[in-house]
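Q: Any chance you could fold what I've pasted below:
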Amino acid sequence: MKTQSRSLRVRLPVFLFVTQVAFVALYFAFVTYDEHGDARFQTNQTNPMHNAMYKDYPYFADIQVMIFLGFGCLLAFFRLYGFGGIVLNFLTATFAIQWAILVQGYFQFSYDGKIHLGVINLINAEFACAVVLISFGAVLGKTSPLQLLVMALLEVPVFAVTEWAVLKYLKINDAGGSILIHIFACYFGLGVTFMLYRPRLNEGHAKENSSYQSDILSVMGTLFLWVFWPSFNSSLTLKGDDQHRAVLHTFLGLSASTLTAFALSALMNKKGKFTMADVQNVTLAGGVTVGASVDMMISPAAAYALGMMGGTACMLGYKYLTPFLARRLRIQDQCGIHNLHGLTGLISCAAGICAILMATEEVYGPSLYEIFTHRAPVEGDPKLQELQRLIPGIQPGLGRTAREQALFQVAAVFSTIGLSALGGILTGFVLKLPFFASPSDDFCFDDEPFFEVPPDYDSPHRVRHTVTTEDSVA
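A: Numbers count the residues shown, from 1 in each chain. Purely as a prediction, here's the structure:
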């Protein structure tokens, strides 16, 4: 307990003060407003609806709800780790967003050597934050606040480099972030938890359980994520029909995975009852499985089928794969992120590749080259000039065929898995250092080492009382 107290009393404040001073200096030196936030380019005569604020802020607000309320409540399912799930999510998310603005901005420096900050930068930073919070789920309850902040400090640059390399050199389609968010976060988190392996936890832990109240709170987090997931998947798609399809596909996928989750939860329970862990997690699988093809012409039926496939894979993963990983591969995936983000992410990538292979001008018309920009004709091609007469905004592409683009998608999947797993293993190696004050096995899944807790925080919860005839008469 003394080590944890030292971590909060000295090490954590020093870490935060030092990083905040560094952030202030970096923001002062490199961050300015973009043209939509700079008074020099905006006047009282400017049409406010031409400002990016009005088209991007609603999506930013929705993603904010997902990050701070959705993830926070979802991670509060342990009976004695409610503060840790919600409050450490709040701390880590805020830190990760501040840091991501700088790190992602480094790859987007303008002609003047500045990061031009707008709402779209905040959305991208929150995607990087979502990556950190998904990875957080793999080590939930087994890490100190300082370890979580250091994990965010290291994970954001690895994510930003991977994102930059994949988008710049492989040039893939991934509107819903199935590759660059879900798969990256999953395998980074598994790499970290592999390095932080605790043999005693495989034997079970007295505090590794939920309560009636904590499960209700966690389901509230699920509902926040469920309701706002269409904004998450559609925020960076092209405005118009692409964004419209993204919202439709996400809703259909989530609906299908929800119904599948309830059906399988009752079917696979020996007493035919619903399991709260299934409701909290499996219902969200459809939001991931439609991600890679969310803005494509895959058809509503395909979106529904993907939701069912994602829910089934996620459910089977929780039942069979998670215990196997813990027993045989030293991977203690506390929240089952491999099921909700890894397996479903891989299904989504396969669906995206199929959608790319089947994409033709007959289905998409000239907008094919707006969605699949890298299939657009190269500069100087007469076909490009013809397309630009029809759609002036079309830019020269790389002239890739559908098959070539599909192969680049496959390369992106394997590259992302490799880079994220390696980054996670190296980060886990750093987090094992005694300086970062990891809680002992006995104090895992417990708020007491890091929070001032009320006297009754660990009191037994009320046991359901069955009313008998004698009770009612009395």
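Q: make it CA atoms for all contacts and neighbour counts henceforth
A: Fine.
Q: Between its first and last residues, how far does stretch 66-84 reach?
A: 17 Å (C-alpha to C-alpha, to the nearest Å).
Q: Name all residues that make contact with the closest residue to residue 429 other than its chain neighbours.
A: Using C-alpha to C-alpha, 6 or more residues apart in numbering and skipping residues adjacent in sequence, the residue nearest residue 429 is residue 195, 6.1 Å away. If a contact means C-alpha atoms under 8 Å, 6 or more residues apart in numbering, then residue 195 has 425, 428, 429, 432 as its contacts.
Q: Put together JSON lines for those, with neighbour count, secondary structure and pLDDT on each row.
A: JSON lines is the format used below for the contacts of residue 195 (neighbours: other C-alpha atoms under 10 Å; DSSP: H, G, I helix; E, B strand; the rest coil; pLDDT from 0 to 100):
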{"residue": "425", "neighbour count": "21", "secondary structure": "helix", "pLDDT": "98"}
{"residue": "428", "neighbour count": "23", "secondary structure": "helix", "pLDDT": "97"}
{"residue": "429", "neighbour count": "16", "secondary structure": "helix", "pLDDT": "97"}
{"residue": "432", "neighbour count": "17", "secondary structure": "coil", "pLDDT": "94"}
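Q: got the residue ranges for the helices in the stretch 301-450 of the chain?
A: Applying DSSP state H, counting those that start in this stretch to the stretch 301-450 of the chain gives helices spanning 322-328, 337, 344-358, 361-364, 368-371, 382-390, 402-431.
Q: could you dump those to JSON lines with distance to residue 19?
A: As requested, the helices of the stretch 301-450 of the chain are exported to JSON lines (distance: least, C-alpha to C-alpha, whole Å):
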{"stretch": "helix 322-328", "distance to residue 19": "35"}
{"stretch": "helix 337", "distance to residue 19": "29"}
{"stretch": "helix 344-358", "distance to residue 19": "33"}
{"stretch": "helix 361-364", "distance to residue 19": "48"}
{"stretch": "helix 368-371", "distance to residue 19": "40"}
{"stretch": "helix 382-390", "distance to residue 19": "48"}
{"stretch": "helix 402-431", "distance to residue 19": "17"}
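Q: tell me the most buried of the ones you listed?
A: helix 337 (a mean of 28; mean count of other C-alpha atoms under 10 Å).
Q: Show me what that helix is packed against.
A: In terms of contacts (3 or more C-alpha pairs under 8 Å, 6 or more residues apart in numbering; DSSP states H and E), helix 337 is packed against helix 119-138.
Q: For the helix or strand just after the helix it packs on, could you pull out the residues that count as buried?
A: Using DSSP states H and E, the next helix or strand after helix 119-138 towards the C-terminus is helix 145-165. Buried residues in helix 145-165, counted by 16 or more other C-alpha atoms under 10 Å: 145-160, 162-164.
Q: And stretch 160-180, by the same measure?
A: So stretch 160-180, judged by 16+ other C-alpha under 10 Å, has buried residues 160, 162-164, 166, 170-180.
Q: wait, which of those residues is closest to residue 413?
A: The shortest approach to residue 413 among the buried residues of stretch 160-180 belongs to residue 179, at 6.1 Å (C-alpha to C-alpha).
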